[in-house]
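Novice: structure for this input, please:
(one chain, ligands or ions: 1)
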Amino acid sequence: MRLPIYHQRPLFDTEWRLFVVHMHAASRLHYDFRLEYAHSLKSWVLPYGLCLDPTRRRRAVLVNDHPIACVESEGTIPAGRYGAGTIMLWDRGIWRTDQDMAQALRGGRLKFELRGNKLKGIWSLIRESYGFGAKQDWHLRKESDREAKPLSETDILVAKPLSVVTNRTLVEIASEPPLFIPAKSKRNSKSKKPAPNQLPLFPDDLEP
Ligand code: MN
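Specialist: So this is what the prediction gives:
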């Protein structure tokens, strides 16, 4: 299902950009956190979802940028295709930061504000500093503000499980015919090995 969302972008404030959170039932259920930046979507896989509790950090694995068109994606990607599984638009809205984004990504610390339907207020994405070869390991955390809530009071994943655009459950979305995805030419798909300096599309233990 594709739905127009660009009307949500304030026309006279270019600092605000789109964000979207997908719920993705691949071989393992996870969430995908995507921030519009430089004409694509910076994407983190959230294997354990997210919460509004500032004392709880949630693993966020940086993966390759996704096309901006993903902000409208909801439906089922057929088996065998990239990102196979059912995808729900769990939340969407706009985000901004006071930081220089390129610098924040390099330094591994990004503090930002969300104005979504479900997620609001100040959040941080912070790269883990330990380990080796773990450049893609970050965590997402809610900062303390009026939108923060202890997990013992509110688990937003449980409290708000429906699609933000269609109010459907994952099961309802999955019951519809899969999305049509045009086949790629063989020549293109063969050259898809990431260059050595690129992050893997998805870490071995995660599904797209
Ligand atoms: Mn995914």
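Novice: quick check: buried residues in the helix or strand hosting Asp65?
Specialist: Secondary structure assignment for Asp65, by DSSP states H and E: strand 58-67. Buried positions in strand 58-67, judged by neighbour count with 16 or more other Cβ atoms under 10 Å: 58-66. Quick note: C-beta positions are derived from backbone N, CA and C, even for glycine.
Novice: which is the next helix or strand following it?
Specialist: Moving toward the C-terminus from strand 58-67, the next element (DSSP H and E) is strand 75-77.
Novice: mind listing what's buried along that next one?
Specialist: Taking 16+ other Cβ under 10 Å as the criterion, strand 75-77 shows 75-77 as buried.
Novice: and the residues you listed, which is closest to the ion?
Specialist: Of all the buried residues of strand 75-77, Ile77 has the smallest distance to the ion: 9.6 Å, by Cβ to the ion.
Novice: quick check: bridge partners of the residue lying closest to Ser163 once chain neighbours are set aside?
Specialist: Leaving aside its chain neighbours, Ser163 sits nearest to Met88 (4.9 Å; criterion: Cβ to Cβ, 6 or more residues apart in numbering). Bridge pairing for Met88 (DSSP bridges) gives the partners Met23.
Novice: which ones are touching Met88?
Specialist: The contact partners of Met88, taken as Cβ atoms under 8 Å, 6 or more residues apart in numbering, are 22-24, 74, 163, 168, 170, 173.
Novice: given the strand holding Asp65, what are its sheet partners and their directions?
Specialist: strand 40-46 (antiparallel), strand 137-142 (antiparallel).
Novice: now mean neighbour count too, for those, in CSV please.
Specialist: Shown next, in CSV, are the strands paired with strand 58-67 (neighbours: other Cβ atoms under 10 Å):
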stretch, mean neighbour count
strand 40-46, 21
strand 137-142, 22
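Novice: run through the strands of the protein in chain order.
Specialist: 17-25, 29-37, 40-46, 58-67, 75-77, 85-96, 109-116, 120-127, 137-142 (DSSP state E).
Novice: ok now the shortest one, how far from the chain's centre?
Specialist: So that's strand 75-77. Its chain's C-alpha centre and that of strand 75-77 lie 16 Å apart, by Cα atoms, centre = their mean, to the nearest Å.
Novice: give me the low-pLDDT residue ranges for this structure?
Specialist: Applying pLDDT under 70 to the chain flags residues 1-14, 130-134, 184-208.
Novice: could you identify the longest helix within it?
Specialist: As assigned by DSSP state H, the longest helix anywhere in the chain is helix 101-107.
Novice: and the residue of the protein nearest the ion?
Specialist: For the chain, Cβ to the ion, closest residue to the ion: His24, 3.6 Å.
Novice: spatially central residue in this protein, please.
Specialist: Most central residue of the chain, judged by C-alpha distance to the mean C-alpha position with Cα atoms, centre = their mean, is Phe33 at 1.6 Å.
Novice: contact partners for the closest residue to that residue other than its chain neighbours?
Specialist: Distance criterion Cβ to Cβ, 6+ apart; nearest residue to Phe33, sequence neighbours excluded, is Trp44 at 4.6 Å. Shown in contact with Trp44 (Cβ under 8 Å, 6+ apart): 32-34, 60-63, 125, 138, 140.
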